[in-house]
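In: Just to be clear, the model below is a prediction. Sequence and coordinates:
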Amino acid sequence: MPVVGLVVEAIVKEDKMDHFLQLIEADAVASRNEPGCLRFDVVQAQDDPNKFIFYELYTDDDAVAYHNEQQYLKDVIAFFDEGGAEVVVKKATGKFMTD
């Protein structure tokens with residue numbers, strides 16, 4: 001069964017950190033309850049406290065589309081678009097290598 005994986009790297013501006021932490025917590029907690037969301041992890045880098053990696057895994061493109069319509073994600077995207085962080089997103093559709 002193919003799955004959709006997203007890896008997001010965000011370098012958050014120091015003066016925007018508190019706002020970001022509120023937004024990403026709301027996004028992560030709610031996303032984990034979405035239909036088709038298999039995993040949503042947020043990791044803060046030990047060597048750079050402004051760097052975050054998100055690992056998201058969905059059952060299919062429909063689950064990603066559903067996620068993209070949620071207000072909590074739109075709030076995070078607006079934060080990025082307003083310059084709160086530099087962001088790189090990578091997406092892959094494939095299979096679990098252990099299947």
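Out: Noted; the coordinates are in hand. Numbers count the residues shown, from 1 in each chain.

In: How far away from the center of its chain is stretch 34-43?
Out: Computed by C-alpha atoms, centre = their mean, to the nearest Å, the separation of stretch 34-43 from the middle of its chain amounts to 8 Å.

In: List the buried residues for that stretch?
Out: The neighbour-count check on stretch 34-43 (16 or more other C-beta atoms under 10 Å) flags 34, 36-37, 40, 42 as buried. No exception for glycine: its C-beta is placed from N, CA and C like everyone else's.

In: which pair in those spans the largest distance?
Out: The distance between the two most remote of the buried residues of stretch 34-43 (C-beta to C-beta) is 18.6 Å, for 36 and 42.

In: picking up where we left off before, export the buried residues of stretch 34-43 to TSV and tack on secondary structure?
Out: Shown next, in TSV, are the buried residues of stretch 34-43 (DSSP: H, G, I helix; E, B strand; the rest coil):
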residue	secondary structure
34	coil
36	coil
37	strand
40	strand
42	strand
